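Student: give the three-dimensional model of this entry:
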Amino acid sequence: MNNIVALCDYCNKSIESNDKNDTSHWQCLAASIWSEQTPVQVLSYRLLHLYKDQEWANDIINSVELSDSVIDDAIRMFEIKEVHKDCNGIVLENGDNVVLTQVLNVKGVNFMAPKGTIVKKIKLVPDNTNQIEGKVNDQTIIILTQFVKKG
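Tutor: Down below sits the predicted model:
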């Protein structure tokens, strides 16, 4: 219940439809950004951030000092989460099983991993969404996600 903000029907419909045409309606954000209620500040900042390319929105954003936690909460929705995807664009997760879609020449261990090989319980490489870790022939190897499909 702490993160609920009351909105007029027009605001609610505009947010749901992502309609950015009627900027005059959002001038009310100049007042709401000053609310003492954190959820109102977060929502106000999010909406202003959508219009950051317009001078009026930047003026409002620059007129107020919000805590770092409010700003972090507000912009978190704009962050694009990097995900690992297989050759078909299906999201991969730790523990998934995948199938190799082509023969892979495994460097460093001198063997070929045949097309159709099932790799069980993969691990996602945290700093590279194009790579997963899995065992083939009892060897842990790095596999490019473009050569696997979730199976």
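Student: for the rest of this, base every contact and every neighbour count on C-alpha atoms.
Tutor: OK.
Student: quick one: the helices in this protein?
Tutor: 9-17, 29-32, 38-50, 55-63, 68-75 (DSSP state H).
Student: could I get the ones you listed as a markdown table with mean pLDDT, distance to Gln146 and mean neighbour count?
Tutor: Formatted as a markdown table, those follow (pLDDT from 0 to 100; distance: least, CA to CA, whole Å; neighbours: other CA atoms under 10 Å):
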| stretch | mean pLDDT | distance to Gln146 | mean neighbour count |
| --- | --- | --- | --- |
| helix 9-17 | 82 | 34 | 11 |
| helix 29-32 | 92 | 45 | 16 |
| helix 38-50 | 89 | 34 | 20 |
| helix 55-63 | 91 | 41 | 15 |
| helix 68-75 | 88 | 31 | 14 |
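Student: need these in a markdown table (columns: distance to Val119).
Tutor: Converted to a markdown table, the helices of the chain look like this (distance: least, CA to CA, whole Å):
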| stretch | distance to Val119 |
| --- | --- |
| helix 9-17 | 41 |
| helix 29-32 | 52 |
| helix 38-50 | 42 |
| helix 55-63 | 50 |
| helix 68-75 | 37 |
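Student: residue furthest from the geometric center of the chain?
Tutor: In the chain, counting by CA atoms, centre = their mean, Asn110 sits farthest out from the average C-alpha position, at 37.8 Å.
Student: need phi/psi at that one.
Tutor: phi 60, psi 50 (degrees, to the nearest 10).
Student: that one and Ile142: what is the separation?
Tutor: 14 Å (CA to CA, to the nearest Å).
Student: now Asn130
Tutor: 10 Å.
Student: circling back: and of the helices of the chain, who's closest to Asn2?
Tutor: Among these, helix 38-50 comes nearest to Asn2, with 7.7 Å by CA to CA.
Student: pLDDT score for Ile90?
Tutor: pLDDT recorded at Ile90 is 95.
Student: ok, now which ones touch the residue farthest from the centre of the chain?
Tutor: Applying CA atoms under 8 Å, 6 or more residues apart in numbering to Asn110 gives no contacts.
Student: kindly report the same for the one 4 residues further on.
Tutor: With contact taken as CA under 8 Å, 6+ apart, Pro114 is in contact with Leu100, Gln102, Val103, Leu104.
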